[in-house]
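**Student:** Generate coordinates for the sequence data below:
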Amino acid sequence: MGTRLLRRFAPRNDSNTSDVIASGAKQSRWGWLALSLALLAMPAMAAVNWTRLTGPWPDPANLADIPGVAVSWPSSSPFALDDIGGGPEDNPPTAAHGRLYLPPGTHAPRSVPAVVLLHGSAGVLASRELTYAAQLARMGVAALVVDSFAARTDRGTGFIDRLLNITETMMLADAYSGLAMLAARPEIDAQHVVLTGFSYGAMATMYGIYAQAAHRLAPPPPNPPPQAGEGWVGGALRFAGHVAFYGPCIARFEDSRTTGAPLLMLLGGADEITDQQRCAEIAADLRAGGSGVETIVYPGAVHQWDGGFGRRLIGRNLGGCSLRIERDGTIRDLRTGMAMTGPFSRKIILGLCTLFASPYPIGRDDAVRAQAAADWGRFLAAVFSAPPPRGS
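**Tutor:** Numbers count the residues shown, from 1 in each chain. Just a heads-up that it's a prediction; the model follows:
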């Protein structure tokens with residue numbers, strides 16, 4: 001996807017970021033509709049009308065015939081970006097776990113786009129990742145639900161232990177290795193795969209758009225390579241788009257260069273764990289780095305609007321935490337200057353920045369869920385209908 005096309009995902013200038021946020025979901029919806037219609041009019045790799053993704057999504061009660069299948073693939077467990085490529089102590093091999101949902105029926109080679117889903121800190125939820133995956137499959141999109149916690153039970157099974165020992169970088173390693181696994185399947189169009197994350201997984205999803213992360217983790221093209229006429233243009237595999245559902249904007253990268261893929265950020269107007277100003281700053285970084293970014297805020301929505309729980313208070317608010325990813329991959333706490341090098345320093349840093357933090361609200365909102373799915377669907381339709389990215 002060329003730079004000219006990608007920038008069509010961005011607002012006309014960076015100065016209107018606060019206006020996009022203040023306008024709420026209604027104005028952004030019309031912007032996405034116009035964008036989607038424009039992109040859908042462009043030549044695509046396959047004559048598929050992906051506008052089906054922009055309408056009401058399938059009823060979850062009618063998805064029993066798409067149960068998905070358990071899958072596993074080779075991955076690794078780097079604690080931070082600077083551990084990638086290290087020896088088995090710093091970057092130990094790991095068997096990733098997930099569930100793959102394929103559209104019913106038979107499919108031509110390289111004809112099925114896909115979505116890779118990364119769970120939140122509560123793990124994979126039947127009401128969220130597994131439901132979205134089956135809905136996507138019903139609409140003709142393959143979905144890989146990654147379970148980074150299930151792959152690393154030796155590192156922790158309780159809520160706190162998992163957050164201290166299973167990092168965003170490990171989730172991202174699973175995502176990129178999952179992309180390689182998908183690319184090896186004959187029906188998957190590996191150049192039209194979108195990475196989508198929820199909360200904790202959304203943080204990993206946003207990490208994955210930075211060139212600094214992609215260059216270290218992106219897999220090579222499938223082996224054997226696609227046959228002539230399948231539309232492959234070469235280069236290392238990248239995600240064609242990124243979607244972050246209510247992702248806490250905690251970490252900023254010193255090196256803002258991106259893969260060039262677009263990002264859709266979906267935020268709740270009453271979500272206390274996502275700092276909208278900091279998210280706007282990260283969006284500006286990403287635009288400067290080469291990606292188009294669209295932010296949609298749903299007024300009154302709190303965290304995890306598509307989960308299985310009613311309104312309640314949980315956990316400790318991480319909104320006061322602020323990290324920097326340095327050019328060599330080091331994670332540094334901006335409050336203390338400490339480098340986050342392992343579980344012990346991670347525990348100290350997160351403990352200090354949440355020392356006086358209060359619980360934050362979560363709560364399912366079916367109206368917001370439906371609108372967010374429609375906005376997500378418009379983004380997917382635009383990405384799937386666009387020409388594949390060229391080069392690496």
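**Student:** quick one: contacts of whichever strand or helix holds residue 160?
**Tutor:** For residue 160, the host element (DSSP states H and E) is helix 159-165. Residues from elsewhere that reach helix 159-165 (C-beta atoms under 8 Å, 6 or more residues apart in numbering): 121, 122, 123, 149, 152, 155, 156, 200, 343, 346, 347, 350. Every C-beta, even on glycine, is put in place using the N, C-alpha and C of the backbone.
**Student:** now the residues you listed: which count as buried?
**Tutor:** 121, 122, 149, 152, 155, 156, 200, 343, 346, 350 (16 or more other C-beta atoms under 10 Å).
**Student:** what's the distance between the residue lying closest to residue 186 once chain neighbours are set aside and residue 139?
**Tutor:** Once flanking residues are discounted, residue 186 sits nearest to residue 109: 5.1 Å by C-beta to C-beta, 6 or more residues apart in numbering. For residue 109, the distance to residue 139 (C-beta to C-beta, to the nearest Å) stands at 20 Å.
**Student:** Just the buried residues of stretch 104-119, please?
**Tutor:** Buried, per 16+ other C-beta under 10 Å, within stretch 104-119: 107, 110, 111, 112, 113, 114, 115, 116, 117, 118, 119.
**Student:** Using a markdown table, please lay out those together with pLDDT.
**Tutor:** Shown next, in a markdown table, are these (pLDDT from 0 to 100):
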| residue | pLDDT |
| --- | --- |
| 107 | 94 |
| 110 | 92 |
| 111 | 94 |
| 112 | 97 |
| 113 | 97 |
| 114 | 98 |
| 115 | 98 |
| 116 | 98 |
| 117 | 98 |
| 118 | 98 |
| 119 | 98 |
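**Student:** Can you tell me which of these is nearest residue 222?
**Tutor:** The closest of the buried residues of stretch 104-119 to residue 222 turns out to be residue 110 (C-beta to C-beta; 9.8 Å).
**Student:** measure that closest one to residue 378 for me?
**Tutor:** Counting by C-beta to C-beta, the gap from residue 110 to residue 378 is 24 Å.
**Student:** Over to residue 50?
**Tutor:** 10 Å.
**Student:** can you check residue 262 too?
**Tutor:** 12 Å.
**Student:** Looking at the two, which has the bigger crowd around it?
**Tutor:** The residue with more neighbours, out of residue 262 and residue 378, is residue 262; 29 against 26, by other C-beta atoms under 10 Å.
**Student:** From the contact counts, what lies against the lengthiest strand in the chain?
**Tutor:** In the chain, taking DSSP state E as the definition, the longest strand is strand 188-198. Strand 188-198 is packed against strand 112-118, helix 168-183, helix 200-207, strand 241-245, helix 366-385, with contacts defined by 3 or more C-beta pairs under 8 Å, 6 or more residues apart in numbering; DSSP states H and E.
**Student:** and of the ones you listed, who's closest to residue 81?
**Tutor:** helix 168-183 (5.8 Å).
**Student:** what comes up buried for the closest one?
**Tutor:** 168-183.
**Student:** again with stretch 87-96
**Tutor:** 91, 92, 94, 96.
**Student:** I'd like the residues you listed written out as TSV, with pLDDT, distance to residue 287 and secondary structure added.
**Tutor:** Formatted as TSV, these follow (pLDDT from 0 to 100; distance: C-beta to C-beta, whole Å; DSSP: H, G, I helix; E, B strand; the rest coil):
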residue	pLDDT	distance to residue 287	secondary structure
91	94	31	coil
92	96	36	coil
94	97	34	strand
96	98	32	strand
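**Student:** Check these and tell me the two furthest apart.
**Tutor:** 91 and 96 (13.8 Å).
**Student:** confidence score at the spatially closest residue to residue 373 that is not a sequence neighbour?
**Tutor:** Spatial nearest neighbour of residue 373, chain neighbours left out: residue 57 (4.9 Å); criterion: C-beta to C-beta, 6+ apart. Residue 57 is assigned a predicted lDDT (pLDDT) of 96.
**Student:** number of nearby residues for the closest residue to residue 244 other than its chain neighbours?
**Tutor:** Leaving aside its chain neighbours, residue 244 sits nearest to residue 202 (3.8 Å; criterion: C-beta to C-beta, 6+ apart). Neighbourhood size, residue 202 [other C-beta under 10 Å]: 27.
**Student:** In contact with residue 202, which residues?
**Tutor:** 118, 120, 244, 245, 246, 247, 248 are the contacts of residue 202 under C-beta under 8 Å, 6+ apart.
**Student:** Closest to residue 323 out of those residues?
**Tutor:** Using C-beta to C-beta, the contacts of residue 202 come closest to residue 323 at residue 248, 10.5 Å.
**Student:** Nearest to residue 214 among the buried residues of stretch 104-119?
**Tutor:** residue 116 (13.7 Å).
**Student:** Identify each of the strands in the stretch 201-350 of the chain and give its residue range.
**Tutor:** Counting by DSSP state E, counting those that start in this stretch, one finds strands in the stretch 201-350 of the chain at the ranges 241-245, 251-253, 263-268, 293-298, 312-314, 323-325, 331-333.
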